[in-house]
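*Asks:* this is the structure alone, sequence omitted:
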């Protein structure tokens, strides 16, 4: 019996040593900065993911938060903690319903980038959401009389300055629209290198960036849209960075771009605008597809200089 007991103890000690080498057991904690908010107010949830050093947190593109709506997710850099790492994050949410609402539990995945994946779950958090400006005093107050117009002319200066600022903004908008629609205006500066080379290098850097891993979907689409607009400026010599999408497409038409190519650019820019301005959040596959579409547009429309024409040989006159 003693050899068997020694063998069992050896297996247990070997398993414990292996777990100790991997670092601390993965777990996630969530803490709210307050337990009660007004409807529509932001609420900050502090996340702390403790995990072994050989694993990293895979943040999801979207979270199911029940009655709450996610506003922003800010992920901090991992830092040493115990026998492993701790990755902090700030999740800001809000709610537009009243009552005792619950932020439900959600899952996070830890992965080593290969075949090992561990799932950890947060605890649910209960938050009280109340209305704004509720007067519980019970007193009936008299109706206030009309306010008199202030006779201190210094109080009018902020309004005068605001009117001047709006007038200046309107003048700038008029001139900007006029330059954007003027076909005979000045052209963007000539790029130092072929525009398609600059665009393809920028798309490669964006593909290697951590924006998608950090759920920066909007920033990712802003960057890919700016890359293509900069390419359009260098390739077709129009001010695409300063135009809205319909004006860019009109400028491409004036530059002689064929209708099929104009339609492809229009669909691409409108897809980016949906994320930038309409709060549409595509999944990771759609984000990778938009980068693929950008590369195809550049490859399809890049300028290829024609081969040099060799001069025809001149026949010598026969005497």
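*Replies:* That came through fine. Keep in mind it's a predicted model, so treat the numbers as computed, not measured. Numbering: from 1, shown residues only.
*Asks:* secondary structure element holding residue 267?
*Replies:* Under the criterion of DSSP states H and E, residue 267 resides in helix 259-277.
*Asks:* all strands for this structure, in order.
*Replies:* 27-32, 36-38, 43-51, 56-58, 68-75, 79-81, 84-95, 99-103, 107-111, 117-121, 125-130 (DSSP state E).
*Asks:* adding mean pLDDT and mean neighbour count, write these out as JSON lines.
*Replies:* C-beta here means a position set from N, CA and C on the backbone, and glycine is covered the same way. Shown next, in JSON lines, are those (pLDDT from 0 to 100; neighbours: other CB atoms under 10 Å):
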{"stretch": "strand 27-32", "mean pLDDT": "90", "mean neighbour count": "16"}
{"stretch": "strand 36-38", "mean pLDDT": "89", "mean neighbour count": "15"}
{"stretch": "strand 43-51", "mean pLDDT": "89", "mean neighbour count": "20"}
{"stretch": "strand 56-58", "mean pLDDT": "84", "mean neighbour count": "17"}
{"stretch": "strand 68-75", "mean pLDDT": "86", "mean neighbour count": "16"}
{"stretch": "strand 79-81", "mean pLDDT": "84", "mean neighbour count": "12"}
{"stretch": "strand 84-95", "mean pLDDT": "88", "mean neighbour count": "19"}
{"stretch": "strand 99-103", "mean pLDDT": "88", "mean neighbour count": "15"}
{"stretch": "strand 107-111", "mean pLDDT": "84", "mean neighbour count": "17"}
{"stretch": "strand 117-121", "mean pLDDT": "87", "mean neighbour count": "13"}
{"stretch": "strand 125-130", "mean pLDDT": "90", "mean neighbour count": "16"}
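*Asks:* and of the ones you listed, who's closest to residue 217?
*Replies:* Closest approach to residue 217 among the strands of the chain (CB to CB): strand 68-75, 10.2 Å.
*Asks:* angle of the closest one against strand 84-95?
*Replies:* Orientation check (axes from the mean of the first three to the mean of the last three CA atoms, to 10 degrees): strand 68-75 against strand 84-95 gives 150 degrees.
*Asks:* parallel or antiparallel, list what pairs with strand 68-75.
*Replies:* Sheet partners assigned to strand 68-75 using DSSP bridges are listed as strand 84-95 (antiparallel).
*Asks:* so the partner strand versus strand 107-111, what angle?
*Replies:* Note on geometry: by the same axes, to 10 degrees, strand 84-95 and strand 107-111 are set 150 degrees apart in direction.
*Asks:* tell me the angle of strand 84-95 relative to strand 125-130?
*Replies:* Interaxial angle, strand 84-95 versus strand 125-130 (the same axes, to 10 degrees): 30 degrees.
*Asks:* from residue 46, how far out is residue 29?
*Replies:* For residue 29, the distance to residue 46 (CB to CB, to the nearest Å) stands at 8 Å.
*Asks:* and for those two, which residues touch both?
*Replies:* By CB atoms under 8 Å, 6 or more residues apart in numbering, residue 29 and residue 46 have no common neighbours.
*Asks:* do a quick rundown of the helices in the stretch 101-250 of the chain.
*Replies:* 157-181, 195-208, 217-236, 245-254 (DSSP state H, counting those that start in this stretch).
*Asks:* how about those helices in a markdown table, adding distance to residue 284, mean neighbour count and mean pLDDT?
*Replies:* Compiled in a markdown table, these are given as follows (distance: least, CB to CB, whole Å; neighbours: other CB atoms under 10 Å; pLDDT from 0 to 100):
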| stretch | distance to residue 284 | mean neighbour count | mean pLDDT |
| --- | --- | --- | --- |
| helix 157-181 | 35 | 11 | 74 |
| helix 195-208 | 13 | 16 | 94 |
| helix 217-236 | 9 | 21 | 93 |
| helix 245-254 | 24 | 17 | 93 |
